[in-house]
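Trainee: predicted model, plus sequence, below.
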Amino acid sequence: SGDQAFIDRFRREARAAAGLSHPNIVAVFDWGSVDGIYYMVMEYVRGRATRALLNQYGTLEPAQAADVVRQTLRGLEHAHRQGIVHRDIKPENVLVTTEGVVKVADFGLARAYADGRQTQAGSVTGTVQYLAPEQIRGEPADPRSDLYSLGIVTYELLTGKLPFTGETAMSIAYKHLSGRVPMPSAAVPSIPADLDGFVASATDRDRELRPESASAMRSDIEAITPSLPAARPLQAIVDDVPVVEAASDATVVPTGVVSLPEDDLAPFGTTTVTIPRAERRKKHRWRRRAGILLFIAALAASAWGVWTYVIPHRADVPSLTGISIADAQSQLSDLGFDVRIGEGRYDEQIPAQHVLKVQPGAGTSLAQGETVTLTPSLGPPPVKIPSIEGKTLDKARGLLADAGFTLGAQSREFSDTVPEGSVIEAPAGMQPKGSAVDVVISKGPPPADIPKVVGTTEDEATAALTDLGFVVSPDTDFSNKVERGSVISVDPKAGITRPYGSTVTIVVSLGPETFPAPSFTGLSKSAAEARASEYGLEVSWFVVPGSGGSIVIGQNPGAGGTVSFGDSIVLYLA
C-alpha cells in the first residue's frame with residue numbers, strides 16, 4: 001500500500017471488477033481503503049473450486065468439463081464486452097456452487113485491455129502454467145489470452161494433469177512458447193476427438209488462430225456437448241466433496257482458507273492452514289485487543305465514509321480530442337467520471353476510434369460520478385470509387401488520386417480481353433476517403449502451346465498460329481516428301497508453351513529440287529505466269545508472228561521434261 005502505482009492499479013481494477021454483474025462472475029459489492037489498507041468486499045460462493053473437484057475425482061467426465069467450460073465462457077463473454085481481461089484463469093479461480101452454477105472469481109489481476117498496451121516489456125502477470133505465450137513475452141493480454149488459459153484448464157479437467165510441467169518456471173514458460181499442447185486423448189484415450197480439436201483451437205500459440213471471442217468459443221463447446229456421454233450433473237459432484245474438519249487441537253481460520261503466495265511451480269493454488277489452539281489466557285488477551293482494533297476500524301470506516309460520500313469530490317475534464325477512445329475512457333474512469341460513448345461522426349482530420357468531441361468540454365469542473373460523453377470519430381467519410389477497369393495503371397492512379405484515394409495492393413492476372421498493364425478488376429461502391437484501393441492488373445493474354453501445323457498448307461498453318469496470338473515468320477525449303485505449299489517443320493516445336501506474341505517460324509515446302517515440267521498448253525498468258533510462279537520457274541515468251549499472242553500453244557522444255565527450281569521455260573503464244 002506504500003506503492004502509489006499499485007494503489008492506482010488496485011483502484012482501477014477494483015472499479016472495473018465492481019462494474020461486472022453476471023450470474024457466472026463472482027460479484028464485487030464494495031471496495032475502498034481504511035487507514036491505507038485497501039480491501040474488496042466480494043460475494044460468498046457456497047460450493048467448491050474446480051481444483052477441489054480435481055483433487056477429489058482426479059478428472060471430470062467430458063460432459064461435466066464441457067459444462068464448466070461453457071459457463072466459464074459465459075462469464076468471460078460478459079467481462080470481455082466490458083473491456084476487462086481476467087489474465088489469470090485457472091482451476092482455483094473457477095468455482096462451482098452447490099446448485100451447479102459456475103462462477104469466475106478473482107478479477108484482481110484483470111485490467112481494461114485498452115490499457116494493456118501500457119504493459120512494460122518483460123512484465124508478466126499470472127500463473128505460469130496457464131499463461132498464454134503473448135503474456136509470457138510481455139505483450140499486452142487481450143480476450144484471446146483468457147481463451148488460451150481456459151484451453152489449458154479444459155485439458156486439466158479432462159486429463160487430471162497439466163500439459164506442460166518442468167523444474168523451473170522458465171522451463172514451463174519455454175514450453176508454452178515453443179511447444180503445442182498435446183491432445184487430451186493422448187493421456188485419456190476415451191476422450192472424444194471433438195474435444196481434442198476444441199483444446200487445440202483454444203491453445204494455438206498464435207492468438208490470431210484461436211477462436212475470435214468467448215462467444216465463438218462457447219458456440220464451439222455447445223456444438224460438441226450433445227454428442228458427449230451423459231454424466232452426473234455438477235451439483236451432484238459438488239455435494240459429494242467432503243468438508244475437511246479441523247483437528248481437535250486446532251482452530252480453522254474463520255474464513256476457511258488462507259491464500260499463501262503462489263509458487264509458479266505449484267499448480268495446486270491456495271492452501272488451507274490451521275492455527276494451533278492457544279492457551280485460554282492468551283485467547284482472552286487477543287479478544288480484548290481485537291475489540292480495540294475493531295473499534296478503531298469502525299472509526300476509520302466512518303471517516304472514510306464521510307470523505308467518500310459526504311465531502312464532494314470534483315475534477316476537471318481533461319483535453320482528450322485526438323487520443324484513442326480506449327485511452328480517453330481510462331483517463332476519465334481514473335478521475336471518477338461515468339463515461340458514455342456517443343454516436344460516431346465522420347471527420348477527415350481525426351482517425352477512426354479516436355476522440356472527436358468531449359461533452360462537457362475540456363476544463364469543465366464536474367463531481368465524481370457525473371457523466372462525460374465521448375463522440376468517436378468514424379474517420380474520413382466514404383466516397384464513391386471511380387471506375388478504373390480497363391484503364392492503364394498510370395491513368396487509374398490519377399483517377400484514384402483525384403477522388404481522394406491511393407493505389408493499394410496490385411495483383412496480376414492473365415486476360416484475353418484487357419491489354420497488358422491495364423486494370424482488370426477494382427472494387428466498386430464506397431470507401432473512406434484517403435483509403436487504399438486494391439486492383440488486379442492484366443498480364444495480357446495467357447501463354448499458349450504451339451499447335452500441330454506440320455503437313456497443313458501455309459495458309460492453314462498461319463491462321464492457326466495467328467489465332468493463338470503468335471507472330472508467323474515463313475521460310476521455304478525443298479522437300480522430296482512434303483508436297484509443294486505444305487509445312488515441312490515449325491520452330492518452336494508443337495506442344496511447347498510460348499508467351500502471347502512470340503514469333504513462330506514455319507518452313508514451307510517448295511517440292512523436289514528437280515521435277516517434271518508442268519504443262520502450260522492452252523493457258524492464257526496470265527494463267528501461265530501464275531503456274532510458273534507456283535513451280536518456281538522463270539518464263540520467257542515467244543509470240544508466233546501474225547497471231548494474237550494470247551494462248552500458249554507450246555513450250556520448251558516440253559511437258560514432263562526434267563526441270564529445276566528457278567529454271568527458265570520458253571512458252572509459245574499464238
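Mentor: Happy to help now that I have it.

Trainee: all strands for the stretch 101-250 of the chain, in order.
Mentor: 102-104, 111-112, 250-252 (DSSP state E, counting those that start in this stretch).

Trainee: ok, then the element right after whatever helix or strand Val423 lives in?
Mentor: Following DSSP states H and E, one finds Val423 within strand 423-425. On the C-terminal side of strand 423-425, the nearest following helix or strand under DSSP H and E is strand 430-432.

Trainee: neighbouring strands - and their directions - for whichever helix or strand comes after that following strand?
Mentor: From strand 430-432 onward toward the C-terminus, using DSSP H and E, the following helix or strand is strand 436-442. When sheet partners are counted by DSSP bridges, strand 436-442 sits next to strand 406-413 (parallel), strand 423-425 (antiparallel).

Trainee: and those strands, which is most packed in?
Mentor: Scoring the strands paired with strand 436-442 by mean neighbour count under mean count of other CB atoms under 10 Å gives strand 423-425 as the most buried, with a mean of 19. Every residue, glycine included, has its C-beta placed from N, CA and C.

Trainee: starting at the chain centroid, how far to that strand?
Mentor: Mean-position distance between strand 423-425 and its chain equals 26 Å (CA atoms, centre = their mean, to the nearest Å).

Trainee: what does that strand contact?
Mentor: 388-393, 396, 413, 415, 418, 439-442 (CB atoms under 8 Å, 6 or more residues apart in numbering).

Trainee: by neighbours, which of those residues wins?
Mentor: Highest neighbour count within the contacts of strand 423-425: Ile388, with 25 neighbours (other CB atoms under 10 Å).

Trainee: now that one: closest residue in space, sequence neighbours ignored.
Mentor: Ala396 (3.9 Å; CB to CB, 6 or more residues apart in numbering).

Trainee: same check, this time on Ser486
Mentor: Per CB to CB, 6+ apart, closest to Ser486 is Ser509, 5.3 Å.

Trainee: mind listing what that neighbour touches?
Mentor: Contacts of Ser509 by CB under 8 Å, 6+ apart are 476-479, 482-488.

Trainee: could I get those residues as CSV with secondary structure?
Mentor: Listed next are the contacts of Ser509 as CSV, based on DSSP: H, G, I helix; E, B strand; the rest coil:
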residue, secondary structure
Thr476, strand
Asp477, strand
Phe478, coil
Ser479, coil
Val482, coil
Glu483, coil
Arg484, coil
Gly485, coil
Ser486, strand
Val487, strand
Ile488, strand
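
Trainee: which one of those residues sits closest to Lys452?
Mentor: Within the contacts of Ser509, the smallest distance to Lys452 is 9.8 Å, found for Val487 (CB to CB).

Trainee: tell me how far that closest one lies from Thr59.
Mentor: As defined by CB to CB, to the nearest Å, Val487 lies at a distance of 80 Å from Thr59.

Trainee: same deal with Ala328?
Mentor: 47 Å.

Trainee: the more surrounded of the two?
Mentor: Ala328 (23 against 19).

Trainee: the more buried one reaches Lys357, doesn't it?
Mentor: No - counting by CB atoms under 8 Å, Lys357 is not a contact partner of Ala328; they are 11.0 Å apart.

Trainee: ok, Leu573 - contacts?
Mentor: Applying CB under 8 Å, 6+ apart, the residues contacting Leu573 are 525, 541-544, 547, 549-553.

Trainee: go again with 7 Å.
Mentor: For Leu573, the contacting residues are 525, 541, 543-544, 549-552, by CB atoms under 7 Å, 6 or more residues apart in numbering.

Trainee: check what pLDDT it gets.
Mentor: On the pLDDT scale, Leu573 is placed at 90.

Trainee: out of the strands of the stretch 101-250 of the chain, which gets the lowest mean score?
Mentor: Ranked by mean pLDDT, the strands of the stretch 101-250 of the chain bottom out at strand 250-252, which scores a mean of 33.

Trainee: pick out the residue closest to the middle of the protein.
Mentor: Glu208 (5.0 Å; CA atoms, centre = their mean).

Trainee: measure it to Ala200 for me?
Mentor: In terms of CB to CB, Glu208 sits 15 Å off from Ala200.

Trainee: is it true that Pro318 touches Gly363?
Mentor: No - using CB atoms under 7 Å, Pro318 makes no contact with Gly363, being 8.5 Å away.

Trainee: more neighbours: those two, which one.
Mentor: Per other CB under 10 Å, whichever of Pro318 and Gly363 has more neighbours is Pro318, with 15 against 9.

Trainee: now for that one: which residues touch it?
Mentor: Contacts of Pro318 by CB under 7 Å, 6+ apart are 331, 362.

Trainee: that one: which element?
Mentor: Going by DSSP H and E, Pro318 is not in any helix or strand.

Trainee: test my guess that Asp567 contacts Leu537.
Mentor: Yes - if you go by CB under 7 Å, Asp567 and Leu537 touch, sitting 5.8 Å apart.

Trainee: between these two, who's got more neighbours?
Mentor: Leu537 (21 against 17).

Trainee: confidence score at the residue lying closest to Val358 once chain neighbours are set aside?
Mentor: Distance criterion CB to CB, 6+ apart; nearest residue to Val358, sequence neighbours excluded, is Leu320 at 5.1 Å. On the pLDDT scale, Leu320 is placed at 92.
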